[in-house]
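Novice: Only the shape, not the letters, is given here:
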């Protein structure tokens, strides 16, 4: 994200009075370690259910699926998930756990994959659904590929739920979550996203305005809060797959499958943008797969809990950052590439060792494979830093199995997903 672009955006923003920023009030969690401990308790509860089911195969009901993944345990084993779609909103964990999306609204069925008009969207299209003012739970009537002409500007309290259909947002500009709150993106394939802009785009039923050139992210979170991106498949976008900047916070990124991309995930606008100190993000149960190069994620200033992800590919590094972010890595599997110069998981960006040695980057229970190594720093480098075993993340040896179902699921009506 170029600073010059941000300045230009701000000027045009004022001139055209487009998307006048209603800054989202979302105070950071004062003790993020409490959220980390809550996530670990939920993971351990799921492990306990899994162990019990394996030992005696008792039927504990669909709320105790026993997969070892507390998000999926919450909804996936319900054969009537299609009638209970909005239950998904109660299943998030981590910093984005309060993202309710369109839980309290009506179901909106998208049945038109074409006819994308950025200014006057037609009823039945995805763009028409996401700009509405009221909460909506958006689903799809059939398999479809949606090629947008301009960015899809989300309004608050929306869920995009792709379960039951194969839905692709591809080959055009993709999703922008800007100065809004409570958005859930679930079960969508997002790929080959392009730049858009220098065009008029509608953001609500009452308003449209000018957009400058976008970056071409898969999902761009700009000044947003209470955001959850779950079970999506993302690849090959112009800039980032998922980027969160400009004071965004209260975010969970989970169960996604990411492939074939260079700069995967940017969390934090610039080293100087101090509002990002409030950014708090949970990254859990994702599979970072083939063809990835770097930024899984690349962090600035905030607090980032990276837990039980499977890193099977990177070319440069997996996790990096600058401007003193806190990075808490727990129970991940890191499989280093064969290149002997790319074995390090971490990259301390834009700082001398005398500076970054004080940044709090810690690794607990991570599995380091094929020569991978994690350079801890700050409190994380101290041998005295330890967690009680009851609060540790799911064992990294089991991460490969939990992420086999990452990405968009092939859910069929009338059976568990």
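Specialist: Perfect, thanks for sending it. None of these values were measured; they are calculated from a predicted model.

Novice: Residue 297: what's it in contact with?
Specialist: 264, 265, 266, 267, 281, 283, 304, 306, 319, 320 (CB atoms under 8 Å, 6 or more residues apart in numbering). Any C-beta I mention is one placed from the backbone N, CA and C, and that applies to glycine too.

Novice: quick one: the first one and residue 316, what's the gap?
Specialist: When you say that, I think you mean residue 264. Separation of residue 264 from residue 316 (CB to CB, to the nearest Å) stands at 11 Å.

Novice: quick one, which of those two is more surrounded?
Specialist: residue 264 (26 against 17; other CB atoms under 10 Å).

Novice: Next up, the contacts around the more buried one.
Specialist: Here residue 264 is in contact with 240, 241, 242, 258, 288, 292, 293, 294, 295, 296, 297 (criterion: CB under 8 Å, 6+ apart).

Novice: give me that answer again for 7 Å
Specialist: Neighbour list for residue 264: 240, 241, 258, 292, 294, 295, 296 [criterion: CB atoms under 7 Å, 6 or more residues apart in numbering].

Novice: which ones among the contacts of residue 297 are found in strands?
Specialist: Counting by DSSP state E, the contacts of residue 297 place 265, 266, 267, 281, 283, 304, 306, 319, 320 in strands.

Novice: Please enumerate the helices of the stretch 1-150 of the chain.
Specialist: Using DSSP state H, counting those that start in this stretch, the helices of the stretch 1-150 of the chain run over 3-16, 32-56, 70-73, 126-130.

Novice: Could you look up the SS state of the spatially most central residue of the chain?
Specialist: Centroid-nearest residue in the chain: residue 253, 2.7 Å away (criterion: CA atoms, centre = their mean). Three-state assignment for residue 253 (DSSP: H, G, I helix; E, B strand; the rest coil): strand.

Novice: on that earlier part again, make CSV from the contacts of residue 297 and add distance to residue 181 and pLDDT to it.
Specialist: Below are these laid out as CSV (distance: CB to CB, whole Å; pLDDT from 0 to 100):
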residue, distance to residue 181, pLDDT
264, 25, 98
265, 21, 98
266, 20, 98
267, 18, 98
281, 15, 98
283, 20, 98
304, 20, 97
306, 24, 97
319, 27, 98
320, 28, 97
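
Novice: which of those lies closest to residue 398?
Specialist: When these are ranked by distance to residue 398 (CB to CB), residue 306 comes first, at 16.4 Å.

Novice: who touches the closest one in this structure?
Specialist: Residue 306 makes contact with 283, 319, 327, 328, 329, 332 under the criterion CB under 7 Å, 6+ apart.

Novice: The first one reaches residue 253, doesn't it?
Specialist: Yes - assessed by CB atoms under 7 Å, residue 283 is found in contact with residue 253 at 5.0 Å.

Novice: quick one: low-confidence ranges for the stretch 301-417 of the chain?
Specialist: Within the stretch 301-417 of the chain, the stretches with pLDDT under 70 are 382-394.

Novice: ranges for the helices of it?
Specialist: Under DSSP H, counting those that start in this stretch, the stretch 301-417 of the chain gives helices at 353-356, 399-402.

Novice: related to what we said a few turns ago, which among the contacts of residue 306 count as buried?
Specialist: Buried members of those, counted by 16 or more other CB atoms under 10 Å: 283, 319, 327, 328, 329, 332.

Novice: just checking, the fourth one touches residue 305?
Specialist: Yes - here residue 328 lies in contact with residue 305, judged by CB under 7 Å, at a distance of 5.0 Å.

Novice: Pull up the overlap in contacts between the two.
Specialist: residue 36.

Novice: ok, of the contacts of residue 306, which one's closest to residue 377?
Specialist: Closest to residue 377, out of all of those and judged by CB to CB, is residue 327, at 9.1 Å.

Novice: Return the residues in contact with the closest one.
Specialist: Counted by CB under 7 Å, 6+ apart, residue 327 has contacts 299, 304, 306, 319, 321, 361.

Novice: try 6 Å
Specialist: Residues in contact with residue 327 (CB atoms under 6 Å, 6 or more residues apart in numbering) are 299, 304, 361.

Novice: gap between the closest residue to it other than its chain neighbours and residue 345?
Specialist: Spatially, and ignoring its direct neighbours in sequence, residue 327 is nearest to residue 361 (4.5 Å; CB to CB, 6 or more residues apart in numbering). In this view, residue 361 and residue 345 are 10 Å apart by CB to CB.
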